[in-house]
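1. Model the following, please.
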Amino acid sequence: MQQLNNKQILLGVTGGIAAYKAAELIRRLQDFGAEVRVVMTKAAQEFITPLTLQALSGNPVHCDLLDTEAEAAMGHIELARWADLVLVAPASADFMARLATGQADDLLTTVCLATDAGIAIAPAMNQAMWRDAATQANLATLINKPVAIFGPGDGSQACGDIGPGRMLEADTLAEMTAEQFQSNALDGVNVVITAGPTREAIDPVRYISNHSSGKMGFALAQAAVEAGASVTLIAGPVALVSPERVKRIDVDSAEQMHQAAMDSLANCDMFIGAAAVADYRPAQIVEQKIKKSADSMSIELVRNPDIIAAVASHPQRPFTIGFAAETQDVISYAKGKLAKKKLDLIIANDVSDSEIGFNSDNNAVTVIWNGGEKAMALASKQQLSRCLLSEIAEKYKNSRAT
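-> Residues are numbered from 1 along each chain as shown. Reported below is the predicted structural model:
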């Protein structure tokens, strides 16, 4: 059920004895990588406490439509926008009736009206209530909306009756929730991406760096999330906003980026080294600002750690992709780097071209692997990143199949 990885599920809980199953459902959804937030009706709170579901979900539970505190932080519109899917479990007969007629008299129904995400319900009620003509008419209306209907199951009920109306078990509901999402190319894959430049301090004021904006690495992080991956982005000093659902680690120097990269390998399936890491750093950092005196000065430089080579040679080696940003003989240099550093793939681009160089919003690259290469034409870095991730995912899956 890797389709649930990195998905945002808004769980609605309505009044009924089956509300206790919501606790287990939260756990099952989280087991498969989903983030869960909870909305409860007043009747649901008679059967299970908001504190219980807050503790399990790790997020505040939302109960009131006109809660001023909630509106200041994440109101009903923000909840509606946040969700990839609204799952109501249990869904009572009363809730089904209100949802079918488009009412918005509490937080849960209001969110359902406001969201562009899919809606699924897991009915739970007495067998006679389920069979009643009004409930069946509401069910038909909801199916036509369309709302996905999970169940109900058939069997003994808390009231002593036997028949349809039991809420399905948590494992089954988690599986049916996963089926609401298409399988993406990197579902369940843990991806680490480095992006941006590094800064190598000379003194407290000055540093050595380069023109990298980090735009390509950030675009790759966004594309990886869209493909279903869990993404850690190790970012040098850049003026960019983090893509949603990305864990960001900010660093400054090459040594800091190296340490962050090594620390990430314990939970890394794929590593993409898109950062423009400084090859050298000053041998010594002067503690006070260097004053202008002589007509010239010399700074001794020492080599920085080679991050991509260290990742590719690590005992816990992930599928490793490097970048070759060159100004001449681009393909030749990239192929040499691919072989020397024993990478799975390398992405070559000509940074001497102002249309695709540093700070540009566009790029054109060549993807190179042992035995093949593929040129990708000029496109926005967002569009190009999606194409790159598709190609990378195919090579990654092939490597795991052999």
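2. And the strands in the stretch 151-300 of the chain?
-> Taking DSSP state E, counting those that start in this stretch, the strands of the stretch 151-300 of the chain run over residues 153-156, 162-166, 190-195, 200-201, 207-208, 230-235, 246-250, 270-273, 280-282.
3. domain parsing for the chain?
-> The record, using automatic domain parsing to delimit domains, assigns the chain the ranges 2-178, 190-279+299-401.
4. can you list these in TSV and add distance to Lys291 and mean pLDDT?
-> Bear in mind the C-beta positions are built from the backbone N, C-alpha and C, glycine included. Output for the domains of the chain, formatted as TSV (distance: least, CB to CB, whole Å; pLDDT from 0 to 100):
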stretch	distance to Lys291	mean pLDDT
domain 2-178	50	89
domain 190-279+299-401	10	92
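5. could the ones you listed go into JSON lines alongside mean neighbour count?
-> Output for the domains of the chain, formatted as JSON lines (neighbours: other CB atoms under 10 Å):
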{"stretch": "domain 2-178", "mean neighbour count": "19"}
{"stretch": "domain 190-279+299-401", "mean neighbour count": "19"}
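6. any chance of those domains in TSV, plus distance to Lys292?
-> What follows is the domains of the chain, written out as TSV (distance: least, CB to CB, whole Å):
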stretch	distance to Lys292
domain 2-178	51
domain 190-279+299-401	12
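7. Gln288: which of those is closest?
-> domain 190-279+299-401 (6.8 Å; CB to CB).
8. measure the closest one end to end?
-> By CA to CA, to the nearest Å, the extent of domain 190-279+299-401 from end to end equals 17 Å.
9. Quick check: Phe181 touching Gln8?
-> No. Taking CB atoms under 8 Å as the definition, Phe181 is not a contact partner of Gln8, at 11.1 Å.
10. Between the two, which contacts overlap?
-> Asp84, Leu85 (CB atoms under 8 Å, 6 or more residues apart in numbering).
11. Give me the distance between Ser385 and Ile234.
-> In this structure, Ser385 and Ile234 are 17 Å apart, going by CB to CB, to the nearest Å.
12. Quick check: longest helix in the protein by residues?
-> Scanning the chain for the longest helix, with DSSP state H as the assignment, gives helix 381-401.
13. That one to strand 190-195, inter-axis angle?
-> Angle of helix 381-401 versus strand 190-195, following axes from the mean of the first three to the mean of the last three CA atoms, to 10 degrees, is 140 degrees.
14. what's helix 381-401 in contact with?
-> Contacts to helix 381-401, defined as CB under 8 Å, 6+ apart, come from residues 185-186, 189, 215-216, 219-220, 222-224, 226-227, 269-270, 272, 319, 321, 344-345, 347, 360-365, 367, 369, 374, 376, 379.
15. re earlier: would you turn the strands of the stretch 151-300 of the chain into a markdown table with distance to Leu99?
-> Shown next, in a markdown table, are those (distance: least, CB to CB, whole Å):
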| stretch | distance to Leu99 |
| --- | --- |
| strand 153-156 | 20 |
| strand 162-166 | 17 |
| strand 190-195 | 37 |
| strand 200-201 | 59 |
| strand 207-208 | 58 |
| strand 230-235 | 33 |
| strand 246-250 | 34 |
| strand 270-273 | 41 |
| strand 280-282 | 61 |
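16. out of those strands, which comes closest to Thr110?
-> Closest approach to Thr110 among the strands of the stretch 151-300 of the chain is made by strand 162-166 (26.3 Å; CB to CB).
17. partner strands of that closest one, parallel or antiparallel?
-> Sheet pairing of strand 162-166 (DSSP bridges) gives strand 153-156 (antiparallel).
18. residues in contact with the partner strand?
-> So strand 153-156 is contacted by Ile162, Gly163, Pro164, Gly165, Arg166, Met167, Leu168, Glu169 (CB under 8 Å, 6+ apart).
19. Check stretch 100-109 too.
-> By CB under 8 Å, 6+ apart, the list of residues contacting stretch 100-109 reads 12, 14, 39-42, 62-65, 76, 79, 88, 95, 98-99, 110, 113, 137-138, 141-142.
20. Helices along the stretch 201-350 of the chain, start to end?
-> Per DSSP state H, counting those that start in this stretch, the stretch 201-350 of the chain carries helices over the ranges 215-226, 254-264, 307-312, 330-340.
21. To clarify, my last question referred to the stretch 51-200 of the chain.
-> Taking DSSP H, counting those that start in this stretch as the criterion, the stretch 51-200 of the chain carries its helices at 68-74, 76-82, 93-100, 107-114, 127-131, 133-144, 170-178.
22. Show the secondary-structure elements that the longest one is packed against.
-> Meaning helix 133-144. Counting contacts by 3 or more CB pairs under 8 Å, 6 or more residues apart in numbering; DSSP states H and E, helix 133-144 packs against helix 93-100, strand 148-149.
23. Would you mind measuring from the closest residue to Ala223 other than its chain neighbours to Ala274?
-> Residue nearest to Ala223 in three dimensions, not counting chain neighbours: Ser385, with 3.9 Å by CB to CB, 6 or more residues apart in numbering. To Ala274, Ser385 is 10 Å away according to CB to CB.
24. One more: Phe358?
-> Phe358 sits at a distance of 12 Å from Ala274 (criterion: CB to CB).
25. Could you do Gly102 as well?
-> The gap separating Gly102 from Ala274 is 47 Å, by CB to CB.
26. With Gly15 instead?
-> Counting by CB to CB, the separation of Gly15 from Ala274 is 50 Å.
27. Run a quick neighbour tally on Gln182.
-> Under the neighbour criterion other CB atoms under 10 Å, Gln182 is assigned a count of 8.
28. give me every residue that touches the closest residue to it other than its chain neighbours.
-> Among residues not flanking Gln182 along the chain, Gln3 sits closest, at 7.1 Å (CB to CB, 6+ apart). Going by CB under 8 Å, 6+ apart, Gln3 touches Ala178, Glu179, Phe181, Gln182, Ser183, Asn184, Asp187, Gly228.
29. want to try CSV for these, with distance to Tyr333 as columns?
-> Putting these into CSV (distance: CB to CB, whole Å) gives the following:
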residue, distance to Tyr333
Ala178, 44
Glu179, 46
Phe181, 41
Gln182, 39
Ser183, 37
Asn184, 33
Asp187, 34
Gly228, 33
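30. Flag the least confident of the residues you listed.
-> Within the set of the contacts of Gln3, pLDDT is lowest for Ser183 (70).
31. Against His314, how distant is the nearest residue to that one once chain neighbours are set aside?
-> Leaving aside its sequence neighbours, Ser183 sits nearest to Gln3 (CB to CB, 6+ apart; 5.4 Å). Gln3 sits 30 Å away from His314, going by CB to CB.
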